[in-house]
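K.L.:
structure for the following, please:
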Amino acid sequence: MKQVDISVLITNFNHASFLPECLDAIFSQSVAPKEVILIDDASTDESIPFILEYQKRHPELTLIQNATNQGPANAMNTCITHATGKYIFLCAADDQVLPNSFELGAHYLDLYPEAGICCSIPTMFTNEKPYHFKRVSICHQKQATLIPSDSIKKQFLLTSLWIPTHASLYRRDLVVKYGCLNEGLKHLCDWYLNCKIALLHGIVYVPQSFGAFRVSTQSYSAKWNRLYLKKNMIYRCLFELLSQESASFQKIFSRSGVLGLISSDVFFHLLFQISLWKYIPSAFYRKTCNFFRKIIQSFDYKKKRMG
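P.N.:
Below you'll find the model as predicted:
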């Protein structure tokens with residue numbers, strides 16, 4: 001089988017029941033990745049016995065075991081430091097990689113070497129079987145398109161574009177250059193990395209889906225989204241991180257409105273700090289546009305069902 005220069009990086013914590021689907025999807029791709037690295041973050045279920053048994057059939061699978069739980073960001077950062085591929089695909093053990101993802105992603109990043117991320121259509125599904133995969137529209141383009149750094153700010157602000165980590169392929173050198181995933185940002189760590197790479201290097205958008213995200217009330221992001229006081233701590237970390245960025249990047253970030261991609265309670269944090277008001281206008285505009293887009297989409301969906 002043809003091999004592509006991709007490191008597939010998987011984090012696992014007590015997801016033994018999901019690992020068979022996750023790994024089978026990776027090893028049944030149209031092309032083989034250079035390596036597959038799975039880090040187990042001190043699971044207490046049957047994850048390790050399953051992985052060791054799976055390695056007998058796929059010895060190319062590398063297992064890293066954490067003695068104590070480090071959290072998903074730190075675990076993924078460990079995987080990134082071990083990766084050797086030109087490109088990396090970040091995957092949680094309860095996600096699924098969809099067919100032809102590696103072949104398409106590597107092709108378009110090879111085709112557009114200036115782009116930092118190859119972004120596809122995000123797909124969601126729940127635990128109920130048979131699985132129903134729901135795609136979420138994020139771009140009106142009907143064919144693979146380069147969105148360069150000098151225009152992506154406008155795309156973030158005026159369209160529904162966002163970058164789904166579970167359905168994107170990254171240039172490893174850029175991920176390392178920008179510090180990988182910041183543990184202090186918790187569930188926003190990949191969002192910030194995505195925004196930074198996209199704003200500075202642009203992306204390739206592909207109107208297919210590379211991966212599916214399992215929606216669960218017990219997921220890492222869902223748990224953090226329920227805790228406002230702890231989210232306030234995350235926001236402090238976020239704006240401290242931004243204060244250390246160059247003035248030019250702060251300007252790009254504020255004008256892109258990407259803060260409008262996260263929970264609305266970030267505005268409460270901004271309101272009480274005058275020095276951060278520069279981030280409000282574009283973020284509020286983006287959030288408002290998204291609100292009305294969802295209403296229109298909901299109306300169109302109901303109209304189609306009735307018609």
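
K.L.:
any idea how far Ser17 is from His107?
P.N.:
In this structure, His107 and Ser17 are 33 Å apart, going by CB to CB, to the nearest Å. Quick note: C-beta positions are derived from backbone N, CA and C, even for glycine.

K.L.:
of those two, who's got more company?
P.N.:
His107 (17 against 14; other CB atoms under 10 Å).

K.L.:
geometric centre of the protein: which residue is closest?
P.N.:
The central residue of the chain, meaning the one whose C-alpha is nearest the mean C-alpha position (CA atoms, centre = their mean), is Thr165 at 1.4 Å.

K.L.:
mind listing what the nearest residue to that residue once chain neighbours are set aside touches?
P.N.:
Counting by CB to CB, 6 or more residues apart in numbering, Asp190 is the residue found nearest to Thr165 once chain neighbours are left out, at 4.3 Å. Asp190 sits next to Leu90, Thr165, Leu181 when contact means CB atoms under 8 Å, 6 or more residues apart in numbering.

K.L.:
the last one: how many residues sit nearby?
P.N.:
If I follow you right, that is Leu181. Counted with other CB under 10 Å, the neighbours of Leu181 add up to 24.

K.L.:
one more: Thr288?
P.N.:
Around Thr288 there are 12 residues (other CB under 10 Å).

K.L.:
which residues does the closest residue to it other than its chain neighbours contact?
P.N.:
Taking CB to CB, 6+ apart as the measure, Thr288 lies nearest to Gly260, with 8.0 Å between them; neighbours along the chain are not counted. When contacts are counted by CB under 8 Å, 6+ apart, Gly260 is found next to Ser282, Ala283, Phe284, Tyr285, Arg286, Lys287, Thr288, Cys289, Asn290.

K.L.:
from Tyr285, how far off is Gly260?
P.N.:
Remark: distance between Gly260 and Tyr285 (CB to CB) = 7 Å.

K.L.:
ok, now Ala32?
P.N.:
Separation of Ala32 from Tyr285 (CB to CB) stands at 44 Å.

K.L.:
could you pull out the strands in this protein for me?
P.N.:
3-12, 32-40, 61-65, 87-92, 96-97, 117-120, 123-125, 134-135, 145-147, 168-171, 203-206, 211-214 (DSSP state E).

K.L.:
in a markdown table: those strands, plus distance to Glu46, mean neighbour count and mean pLDDT.
P.N.:
Written out in a markdown table, the entries for the strands of the chain read as follows (distance: least, CB to CB, whole Å; neighbours: other CB atoms under 10 Å; pLDDT from 0 to 100):
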| stretch | distance to Glu46 | mean neighbour count | mean pLDDT |
| --- | --- | --- | --- |
| strand 3-12 | 11 | 24 | 98 |
| strand 32-40 | 11 | 22 | 98 |
| strand 61-65 | 14 | 16 | 98 |
| strand 87-92 | 18 | 26 | 97 |
| strand 96-97 | 20 | 24 | 96 |
| strand 117-120 | 32 | 28 | 98 |
| strand 123-125 | 23 | 18 | 95 |
| strand 134-135 | 30 | 14 | 93 |
| strand 145-147 | 43 | 18 | 98 |
| strand 168-171 | 30 | 25 | 98 |
| strand 203-206 | 36 | 26 | 98 |
| strand 211-214 | 19 | 22 | 96 |
